[in-house]
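what follows is a predicted protein model with its sequence.
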Amino acid sequence: MAQNARQIAKNVLGTPLQVCSINPITGWYRDGYCNTDPSDLGEHTVAAVMSDPFLAYSASRGNDLSTTNSYFPGLREGCKWCLCLSRWKEAFTAYTRGEIGQDVVLASTHSSALRGVPLQDFARFAVDRHLISSDPDAVPSGSGGEGRH
């Protein structure tokens, strides 16, 4: 993807994509943004806020995000990370079974994620849910973080 295309990327709110994290550095391009291109088979487009329950869940599913190694910093609770769309969807499905959910930052989640998850589902876990609308009926009830309970 050309630098110009990355610069004009939109988030799920239709506004310019915001940085997810530079410490630790994240994103398909390791530029802090949850940008993507056709070679990003994992679709690292969801800006997620890590929680200890989610990190344990992800490790149990074969994706250990908390262990540090030579090319990966290891994540801790509170870290923001560009998560694969399929992993977030898997956590959302687990949430519907009463297990785990995963907080997201809408302003930093790439618009292409909407091809796999409706905004209303992201909104249930959004830490920046207030950006959607002042209309309380615009999204389902609940607030960011409800998936942790």
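Cool, the structure landed.

below-threshold pLDDT in this structure: ranges please.
Along the chain, segments meeting pLDDT under 70 span 1-7, 133-149.

determine the longest helix present in it.
If each helix of the chain is counted by residues according to DSSP state H, the longest one is helix 85-96.

quick one: distance of the helix or strand that that helix is followed by to the chain centre.
As assigned by DSSP states H and E, the chain's next helix or strand after helix 85-96 is strand 103-104. Relative to its chain's centre, strand 103-104 lies at 6 Å (CA atoms, centre = their mean, to the nearest Å).

please apply the same query to stretch 35-55.
Counting by CA atoms, centre = their mean, stretch 35-55 is centred 5 Å from the centre of its parent chain.

elements contacting the longest helix of the chain?
Contact partners of helix 85-96 among helices and strands, from 3 or more CB pairs under 8 Å, 6 or more residues apart in numbering; DSSP states H and E: strand 44-49, helix 52-60. Backbone N, C-alpha and C define where each C-beta goes, glycine included.

take the ones you listed and write them to CSV, including mean neighbour count and distance to residue 37.
CSV is the format used below for these (neighbours: other CB atoms under 10 Å; distance: least, CB to CB, whole Å):
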stretch, mean neighbour count, distance to residue 37
strand 44-49, 29, 10
helix 52-60, 17, 24
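
please identify which of these is closest to residue 114.
strand 44-49 (9.3 Å; CB to CB).

contacts for the closest one, please.
Strand 44-49 is touched from outside by 20, 26-28, 34-36, 54, 78-85, 87-88, 102-110, 112-113, 117, 122, 127, with contacts defined as CB atoms under 8 Å, 6 or more residues apart in numbering.

try 6 Å this time
Contact with strand 44-49 is made by 20, 28, 34, 36, 80-85, 88, 102-105, 108-110, 112-113, 127, as judged by CB atoms under 6 Å, 6 or more residues apart in numbering.

how big is the angle separating that strand from helix 52-60?
Interaxial angle of strand 44-49 relative to helix 52-60 (axes from the mean of the first three to the mean of the last three CA atoms, to 10 degrees): 140 degrees.
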